[in-house]
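# With the input below, show me the fold.
(chains A and B)
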2 protein chains.
Amino acid sequence: MTLHEEMMETGKRALQAARELARLSTRRKNMVLEAMADEIAAQRVQLKEANARDLEAGREAGLPAAMLDRLELTDSRIDSMIAGLRNVAVLKDPVGAKISKWLRPNGLEIRKVRVPIGVIGIIFESRPNVTADAAALCFKTANAVILRGGKEAVHSNRAIARAMTEGGLKKGMPEYAVQLLETTDREAVRELCQLTGYVDLIIPRGGEGLIRAVTESAHVPVIKHYKGVCHTYVDESADLPMALEICENAKCQRPGVCNAMETLLVHEKAAPAFLPLLVARMQECGVTLRGDAAARAMTGEAAMQPAEEADWFEEYLDLTLAVRVVAGVDEAVEHINFYGSHHSDAIVTASESSARTFLHEVDSAAVYHNAATRFTDGAEFGMGAEIGISTDKLHARGPMGLEELTTYKYVVSGKGQIRE
Amino acid sequence: MTLHEEMMETGKRALQAARELARLSTRRKNMVLEAMADEIAAQRVQLKEANARDLEAGREAGLPAAMLDRLELTDSRIDSMIAGLRNVAVLKDPVGAKISKWLRPNGLEIRKVRVPIGVIGIIFESRPNVTADAAALCFKTANAVILRGGKEAVHSNRAIARAMTEGGLKKGMPEYAVQLLETTDREAVRELCQLTGYVDLIIPRGGEGLIRAVTESAHVPVIKHYKGVCHTYVDESADLPMALEICENAKCQRPGVCNAMETLLVHEKAAPAFLPLLVARMQECGVTLRGDAAARAMTGEAAMQPAEEADWFEEYLDLTLAVRVVAGVDEAVEHINFYGSHHSDAIVTASESSARTFLHEVDSAAVYHNAATRFTDGAEFGMGAEIGISTDKLHARGPMGLEELTTYKYVVSGKGQIRE
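All right, here's what the predicted structure looks like:
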């Protein structure tokens, strides 16, 4: 079988599973999710063995320590996976919910109801727990899922998918509801993204290389979960102690995530008072600062390295922060819309008018007034769980929970109505 | 300037216009729409002159009569365009509306609000009135639009776009809010579909060639407005006179549109009584029937030509109907999901259980019980106007009105909250 034929078979099986999934009750789906959790718990030893093979191969291949850390399935990470599955079982099922309902003058009743999307392909890198999380959320929403994980986690991913399927089948899960691509051939990503007629949506989660490969080859709709070049803008009238706490939190609490701050913008009138406080605090936290000429002039050149044009586009994912002094909220908005990634951006200000301008004009999934950008997260938003954070504008923007994994259809009931 | 540079310029201008559009009040937008309508009325003579050039070129090129008819701008069609613009001015503005709002335990207030999508590219064929309709709907929702019409309507489209821009500018429309691509180079479609960072959405409306060209080249999200292979299924317990009226309406009232019926499925137990009635009625209406073996056996071979496998996939857009006898609702659902285009499908039945199965399991944008599929339409659904009918599942499914031309963002208000 060629790779193309193999992918077509995968697609057909997923489509068939999607039809069967649409018939499962919420109760049945939750039983399957519990059984998946039980089986992962029961196969803990096998999971760790499989993971040890990946870790060994990774060490031999000289993977960086951070990547090896992300790859490792510790007991506590396995516990989290199990808890995550049980949590998804508890969440409210959005499928079948009535979004709206109205009656037309001709007597037709139109109901707009939530339905599964169908078949979802998820392409991700490194962390093997994504296999369990993504499969659970897709399953709960009655979507068949085709998973394609990173090559470096292949044994771990297979072990997790196998345990979930073995557990799920005991409680009536359709056989191909969760498929993990066996092949690690890169070409398989391209094939998957072109399976129109079988795959309804591709969600890529990862870095530039992955996102570009998917975007440029896909014929199927894509919702990207890409980078976060998030900003905090400290306005003229900002409460400076509040701004300092927000900046520390946004930059330092977990610098390696997409909703962490990468660039700080400071109003030129707030800068002389604020920047020295910032420099001191960031030094305590071990943050390297990269400033524009104005910022460096105010703090002394020793406090900040010079920022270059490329810094404004950069997602450091590390204890590094770019700093720029701006003339006001309009320049801040312009900077963010031009250099940012339309993810999450915050203003710290006491001015209602500045806040209004910023919140209205910054073209990002989440905009914050007097809070840290770190809250852009399914759990923090109260969605219960998330499959990721969309940096696209269509269908779903920002954190994607269960509802965002559904679409809708119109159900129209008549008594023989015809069109005049 | 190369075509690529030209398109980049078009994209940049559109993005700039989108930023300006987002600042316009509803009142201002409505004044612009009225001014566009006024200007089209004032330039009626110029519009008809431009249209005459297209018609002449079309006749010389030997375009079919149906295409020339679609191309023609009669007085009544110009009146409809003007009325359409004034109607869009009256419709409720969805931008800025609060979709939902909630408070988190940490005191953060999260509002989910409707915002414009940004820059929308619309690629269409033949009818020049689409220029006015599409531009008006995009403008009302504060989206910048880049229009690319059919080559055969180039003078008409330019005249309409020019009149709208001249009218709009008088009332403060941003200069590049409505751009019509000047070039008729086919390569421009590919360039437009790859303008990531500038264009947020491409809506192609048209036939297979156009849809394939867009789908295969696009890097930007696409919502297809493609074909309608719509079915009516007459169940065992159907009220036969009602079924007959629905079938006639779905097939004959306007056979050239995407929500017209293309295939009739009949329960094997209803077929002996229903098919003779159908044959007689369809003969009166001048409909050619193409039946499967079972249908032809019941009606006599003279009444129906033999249907081939290709007929089940066919969008005739004409007075032709494919007919198939099925064993029951499950086979009907299977046929529709396999051969259909996920647009609009109807069941005629007195059985609540058959209706439930059909409405739940048919994977189409609109599913009907005891009504004609012809109602899948923005106006008929009460949306006031539509930009088209999405045959995709993501973001918008079925008729797309003003709301479907918006996305959302999360506006989060705090008092200095940081993440623990």
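# If you drop the residues flanking it in sequence, what lies closest to residue A:166?
Leaving aside its sequence neighbours, residue A:166 sits nearest to residue A:39 (C-beta to C-beta, 6 or more residues apart in numbering or on different chains; 5.4 Å). All C-beta spots, glycine's among them, are computed from the backbone N, C-alpha and C.
# contacting residues for that neighbour?
Taking C-beta atoms under 8 Å, 6 or more residues apart in numbering or on different chains, we find residue A:39 in contact with A:163-164, A:166-168, A:170.
# So the residue in the stretch 151-300 of chain A that chain B sits nearest to: helix, strand or coil?
When scored by C-beta to the nearest C-beta, the stretch 151-300 of chain A has residue A:249 as its residue closest to chain B, at 3.6 Å. The three-state assignment at residue A:249 reads helix, by DSSP: H, G, I helix; E, B strand; the rest coil.
# residues near it, how many?
For residue A:249, the number of neighbouring residues by other C-beta atoms under 10 Å in any protein chain shown comes to 23.
# Present the contacts of residue A:39 as TSV; the columns should include neighbour count, pLDDT and secondary structure.
Converted to TSV, those look like this (neighbours: other C-beta atoms under 10 Å in any protein chain shown; pLDDT from 0 to 100; DSSP: H, G, I helix; E, B strand; the rest coil):
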residue	neighbour count	pLDDT	secondary structure
A:163	25	98	helix
A:164	29	98	helix
A:166	16	98	helix
A:167	23	98	helix
A:168	24	98	helix
A:170	14	98	helix
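# helices and strands of chain A: which one has the lowest mean pLDDT?
helix A:65-71 (a mean of 89; mean pLDDT, DSSP states H and E).
# and the next element down the chain from that helix?
Remark: after helix A:65-71, the chain's next helix or strand is helix A:75-90, criterion DSSP states H and E.
# quick one: buried residues of that following helix?
By neighbour count on 16 or more other C-beta atoms under 10 Å in any protein chain shown, the buried set for helix A:75-90 is A:77-78, A:81-82, A:84-89.
# got it, and stretch A:135-154?
By 16+ other C-beta under 10 Å, the buried positions in stretch A:135-154 come out as A:135-150, A:152-154.
# The closest residue to chain B within the stretch 251-400 of chain A: what's it in contact with?
Going by C-beta to the nearest C-beta, chain B is nearest to residue A:371 of the stretch 251-400 of chain A, at 3.0 Å. Contact partners of residue A:371, counting by C-beta under 8 Å, 6+ apart, are A:246, A:346, B:108, B:412-418.
# so of these, which ones are in strands?
A:346, B:412-417 (DSSP state E).
# can you give me the helices for the stretch 151-300 of chain A?
Assigned helices in the stretch 151-300 of chain A, in chain order: A:154-170, A:187-193, A:208-217, A:240-252, A:271-285, A:293-299 (criterion: DSSP state H, counting those that start in this stretch).
# Adding distance to residue B:125, write those out as CSV.
Listed next are the helices of the stretch 151-300 of chain A as CSV, based on distance: least, C-beta to C-beta, whole Å:
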stretch, distance to residue B:125
helix A:154-170, 45
helix A:187-193, 27
helix A:208-217, 26
helix A:240-252, 49
helix A:271-285, 55
helix A:293-299, 53
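# ok so, going back, so how far is residue A:54 from the residue nearest to residue A:166?
As judged by C-beta to C-beta, to the nearest Å, residue A:39 and residue A:54 stand 20 Å apart.
# returning to what we had before: show me what the least confident helix or strand of chain A is packed against.
Applying 3 or more C-beta pairs under 8 Å, 6 or more residues apart in numbering or on different chains; DSSP states H and E, one finds that helix A:65-71 contacts helix A:44-60.
# residues of the helix it packs on that come out buried?
A:47-48, A:50-51, A:54-55, A:57-58.
# got the angle between it and helix A:75-90?
With axes from the mean of the first three to the mean of the last three C-alpha atoms, to 10 degrees defining the directions, helix A:44-60 sits at 120 degrees from helix A:75-90.
# how about helix A:44-60 as PDB, C-alpha atoms only?
Output of helix A:44-60 as PDB, limited to C-alpha atoms (Å, rounded to 0.1, in the frame of the first residue of the first chain):
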ATOM      1  CA  ARG A  44       1.300   2.500  33.700                       C
ATOM      2  CA  VAL A  45       4.300   0.200  33.600                       C
ATOM      3  CA  GLN A  46       4.000  -0.400  29.800                       C
ATOM      4  CA  LEU A  47       3.700   3.400  29.300                       C
ATOM      5  CA  LYS A  48       6.900   4.100  31.200                       C
ATOM      6  CA  GLU A  49       8.700   1.300  29.400                       C
ATOM      7  CA  ALA A  50       7.700   2.800  26.000                       C
ATOM      8  CA  ASN A  51       8.600   6.300  27.300                       C
ATOM      9  CA  ALA A  52      12.100   5.000  28.400                       C
ATOM     10  CA  ARG A  53      12.700   3.900  24.800                       C
ATOM     11  CA  ASP A  54      11.900   7.400  23.500                       C
ATOM     12  CA  LEU A  55      14.100   9.000  26.200                       C
ATOM     13  CA  GLU A  56      17.000   6.700  25.400                       C
ATOM     14  CA  ALA A  57      16.700   7.400  21.600                       C
ATOM     15  CA  GLY A  58      16.400  11.100  22.400                       C
ATOM     16  CA  ARG A  59      19.600  11.100  24.500                       C
ATOM     17  CA  GLU A  60      21.400   9.200  21.800                       C
END
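# Mind listing residues that contact that helix?
Helix A:44-60 is contacted from outside by A:40, A:67-68, A:71-73, A:75, A:78, A:128, A:152-156, A:158-160, A:163, using C-beta under 8 Å, 6+ apart.
# go again using 10 Å as the cut-off
A:40-41, A:43, A:63-65, A:67-68, A:71-75, A:77-79, A:81-82, A:126, A:128, A:150-160, A:162-163 (C-beta atoms under 10 Å, 6 or more residues apart in numbering or on different chains).
# if you average pLDDT over that helix, what comes out?
Averaging pLDDT along helix A:44-60 gives 97.
# now that helix and helix A:154-170, what's the angle there?
On the basis of the same axes, to 10 degrees, helix A:44-60 is oriented at 160 degrees to helix A:154-170.
# part of a helix, is residue A:113?
No - looking at residue A:113 with three-state DSSP, it is strand, so not inside a helix.
# I'd like to know how many residues surround it.
Residues lying near residue A:113 (other C-beta under 10 Å) number 19.
# thinking again about what came up before, which secondary structure element contains the residue nearest to residue A:166?
Using DSSP H and E, residue A:39 sits in helix A:26-42.
# Having no further points to raise, I will conclude here.
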